[in-house]
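**Q** Fold the stuff below for me.
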Amino acid sequence: MQIKIDLITGLLGSGKTTFIINYVREFIRSGKRICILANDYGAISVDRALLTEALGDDCDVEMVTAGDWDCYRRRFRTKLISMGMLGYDRVIVEPSGVFDTDDFFQILNDSPIDRWYTLGNIICMVDAHLPADPDETQRYLFTSEAVNAGLLVVSRAQEIPGFPSETAVQDMKDRILSVLRSGAAKYHCSRAFSAEDILVADWRTFTDEIRKRILNAGYRRGDMQKLPVAEDGSYMTLFYYHISQPLSVVENIVRDLLGHPEKYGKVFRVKGFFRTSDADTWYEMNATAEHLEIKPTVFRKEVILVVGEHLNSRTVGLAFGESRSVTDYQV
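**A** Next up, the predicted model:
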């Protein structure tokens, strides 16, 4: 019997990890043996730490990292082969950053992987705060990650004023469709997106209707123009360790990083764990230009990742009070 394999896509900060935790729990409740295969920027995977903390021993979490995409593809393929021998019922793939779904299809069709796996669902996560007029990099990446999705699932919908009224839900769908359709027209996408492709709901509690739509999302095959996004070394992650400052100071640093691209470069996301110096409290952070979330955590690991394009490692490091940073991954 072949292993079902699912792909959960979405822009940085779109809620993939939170969704996967809830998604995987549905399979665990039915007695399925699940493994998550995550890839993250660099050698330290914050997403892997979050998944392991949330799911514990009920789910295996594996990781693929590499310094370039050719190396990543080889390691991804090797990991799937080794996992295919372990008898999982389902494998959930969580990519991070730039990910070509066509590569995913191609790998699944390669021998011997095609004997072990069959494609289940491709789900694209969308932040409810997605701007109506994103920059062109975001527009392209969002279109490329949505083109093969059987379902687009909106995260943080409950934060939008008026939700869950029909008007608020329709406004979110219209805004997302406008971005998708403009991207589809610009990049010659063969898929026609519709409101039925988008789920706007508080899916943290799986009702029977939500469960049915998500677990039976399936996938679509669509073509679009491919652009050489972030293949010039400009897409990168900076790592910072042992950032122990008052909570208000960390919040101000992050807002400054996200709000001043002319000074720091284009910061897409800041995430990680840190300990405050004023109360010795541990926090988990996940921040994008549209959303800043900092909440207490029991996880004790001091590392903050700054993900972006054309980052100035010196000025970012100085913002955190460090004279240097570790650049772990570039493409």
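**Q** who does the helix or strand hosting Gly272 touch, helix- and strand-wise?
**A** Take DSSP states H and E as the rule and Gly272 turns out to sit in strand 266-275. With contacts taken as 3 or more Cβ pairs under 8 Å, 6 or more residues apart in numbering; DSSP states H and E, strand 266-275 sits against helix 46-55, helix 247-259, strand 282-287, strand 303-309. No exception for glycine: its C-beta is placed from N, CA and C like everyone else's.
**Q** out of the ones you listed, which comes closest to Leu11?
**A** Checking the helices and strands packed on strand 266-275 against Leu11 by Cβ to Cβ gives strand 303-309 as the closest, at 11.1 Å.
**Q** Counting neighbours, which bits of the helix or strand following that closest one end up buried?
**A** Once the chain leaves strand 303-309, the next helix or strand it forms, by DSSP H and E, is helix 313-319. For helix 313-319, burial by neighbour count (16 or more other Cβ atoms under 10 Å) applies to Ser313, Val316, Gly317, Ala319.
**Q** can you check stretch 249-269 too?
**A** Buried residues in stretch 249-269, defined by neighbour count with 16+ other Cβ under 10 Å: Val250, Ile253, Val254, Leu257, Leu258, Pro261, Tyr264, Gly265, Lys266, Val267, Phe268, Arg269.
**Q** cool, and stretch 77-92?
**A** Across stretch 77-92, burial judged by 16+ other Cβ under 10 Å covers Arg77, Lys79, Leu80, Met83, Gly84, Tyr88, Arg90, Val91, Ile92.
**Q** So which of those are in strands?
**A** Arg90, Val91, Ile92 (DSSP state E).
**Q** Serialize those residues to CSV and add fields for pLDDT.
**A** Formatted as CSV, those follow (pLDDT from 0 to 100):
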residue, pLDDT
Arg90, 95
Val91, 96
Ile92, 95
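**Q** Any figure for the gap between Thr78 and Gln170?
**A** As judged by Cβ to Cβ, to the nearest Å, Thr78 and Gln170 stand 45 Å apart.
**Q** which residues in the protein form strands?
**A** For the chain, applying DSSP E gives strands covering 3-10, 34-39, 60-64, 90-94, 117-127, 151-155, 198-199, 235-241, 266-275, 282-287, 292-296, 303-309, 326-330.
**Q** would TSV of those strands with distance to Ala49 be doable?
**A** Converted to TSV, those look like this (distance: least, Cβ to Cβ, whole Å):
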stretch	distance to Ala49
strand 3-10	17
strand 34-39	10
strand 60-64	9
strand 90-94	13
strand 117-127	19
strand 151-155	20
strand 198-199	28
strand 235-241	14
strand 266-275	8
strand 282-287	9
strand 292-296	15
strand 303-309	9
strand 326-330	15
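**Q** what's the closest of the ones you listed to Gly162?
**A** Here strand 151-155 is closest among the strands of the chain (Cβ to Cβ), at 13.9 Å.
**Q** Tell me the gap between the closest one and the middle of its chain.
**A** 12 Å (Cα atoms, centre = their mean, to the nearest Å).
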